[in-house]
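Asker: Return atomic coordinates for the entry below.
(2 chains)
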Amino acid sequence: MSESSARHPATVLDATVHQRVRLGILAVLGEARRADFAYLRDALELTDGNLSRQLQALEEAGLVRIEKVFEQRRPRTWAALTKEGRAALRAEREALRDLVSRLEGVR
Amino acid sequence: MQSQEAAHVLEEVERLRRRARADLRHLDIPLIVFGLLMLVSAAPASGSGLGLAQYWLIAAPLGMLVTIGLSLRLGRNGGIVGSSHPGIAGVVITVAAFAAAGAASAANSAVAAAISPMLAIGAAYLILAWLGHAPALGAAGASLVLLGLGLWLDGAAAERAAVVLAVAGGATVLATGAWYWHVGRSR
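Answerer: The predicted structure follows:
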C-alpha cells in the first residue's frame, strides 16, 4: 500500500472521544480507579453543567460508568472508565500521536 | 485537524495524566510514618525497654496499616482513588525485605541484627521509587542503604550503629516525607 493510499490517522479519531473536554475526562480516569465530580470539574476547569453534559455523553457511549452515592449524608458522583473507555482512550492517543508524527514528517 | 492542534491536545492530555498521577501518589504518608517510627526506634536501639527486633515486629505492621488507612482516606477525600496495586506491592515488598533482613541477621552478627531493619526499609523504598518513578523516595532509600552498609563496613558497635541509623535515617526519611507533603500542598 502506498503512503498516499494508507488510512489517514485523522479518520481513526473517534467522534465521541475526540473532543478536548471528553478526552481530558478519559485521560484523568485512565490514571485512576475512579474520580469524583468535584475532582474532574477542578482538574478540567469546567462548570458543573458542562461537566454533567460531557459525562452523560460518555456514559451513553458506554465509555464511562457513573455511580451516584450518599457519603456522610451527602450526594457524591463517582466516575470510572469502562473497558471500552480505556480502549477508546488508547486508540485516540495513538491516532493523535500518529497524526502529529505524520504531519511533522511532511515539514 | 492540524498538527499543531493535535500536538496541543496531546500535551493537554499528558498534563492531565501527570496531575492525576501526582494526586494519586501519597508518598509523604509512608515516609512520614516510617520516618517517625525510625526516630522512635532510637530508644530500643540504645537498649532501653523493648529490643530492636521486637520493636520492629510491632512497628512495621502498624506503620503499614496506618499508611494504607491514611492513603485510602486521603484518596476518598481528595476525590481521586487509584488502583490498589501499588499499595499491595508496597506491603509485599516491605514484608519480603523484612523477612530477608530477619533471616540474614539471625544467621549473622549483632551488627547485622541492628542495621537490617533500616536496610530493609531502604531497599523497599528503592524498589517502590523505581516502580513509581519517584526520585526523592529513591534518594531516601539509597541514603538509608548506604548509611547502613557504611556502618557495617566501618565495624561500628551494634548499639551505636542502630542508634546512628535510627536518628540519621529517621531524620532523612522524615525530611523527604515533609518535602513531598510540601510539594503536594503547594500544587
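Asker: just the helices in the chain please.
Answerer: I'll assume chain A. In chain A, the segments counted as helices under DSSP state H are A:20-31, A:37-44, A:48-60, A:83-106.
Asker: could you do chain B instead?
Answerer: Going by DSSP H, chain B shows helices at B:3-24, B:28-40, B:42-45, B:52-78, B:85-107, B:110-132, B:135-154, B:158-164, B:170-186.
Asker: will you turn the ones you listed into TSV that also has mean neighbour count?
Answerer: Where you see a C-beta, it was placed from the backbone N, CA and C, and this is true even at glycine. TSV is the format used below for those (neighbours: other CB atoms under 10 Å in any protein chain shown):
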stretch	mean neighbour count
helix B:3-24	17
helix B:28-40	22
helix B:42-45	20
helix B:52-78	17
helix B:85-107	16
helix B:110-132	23
helix B:135-154	18
helix B:158-164	20
helix B:170-186	17
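Asker: Generate a markdown table for the ones you listed, with distance to residue A:85 and mean pLDDT as supplementary columns.
Answerer: Shown next, in a markdown table, are those (distance: least, CB to CB, whole Å; pLDDT from 0 to 100):
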| stretch | distance to residue A:85 | mean pLDDT |
| --- | --- | --- |
| helix B:3-24 | 14 | 84 |
| helix B:28-40 | 30 | 89 |
| helix B:42-45 | 50 | 83 |
| helix B:52-78 | 20 | 83 |
| helix B:85-107 | 19 | 69 |
| helix B:110-132 | 24 | 79 |
| helix B:135-154 | 31 | 86 |
| helix B:158-164 | 51 | 80 |
| helix B:170-186 | 28 | 85 |
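Asker: quick one on the thing from earlier: if you compare the helices of chain A, which one is most tucked away?
Answerer: helix A:20-31 (a mean of 22; mean count of other CB atoms under 10 Å in any protein chain shown).
Asker: could you say what helices and strands it packs with?
Answerer: Counting contacts by 3 or more CB pairs under 8 Å, 6 or more residues apart in numbering or on different chains; DSSP states H and E, helix A:20-31 packs against helix A:37-44, helix A:48-60, strand A:64-71, strand A:74-81, helix A:83-106, helix B:3-24.
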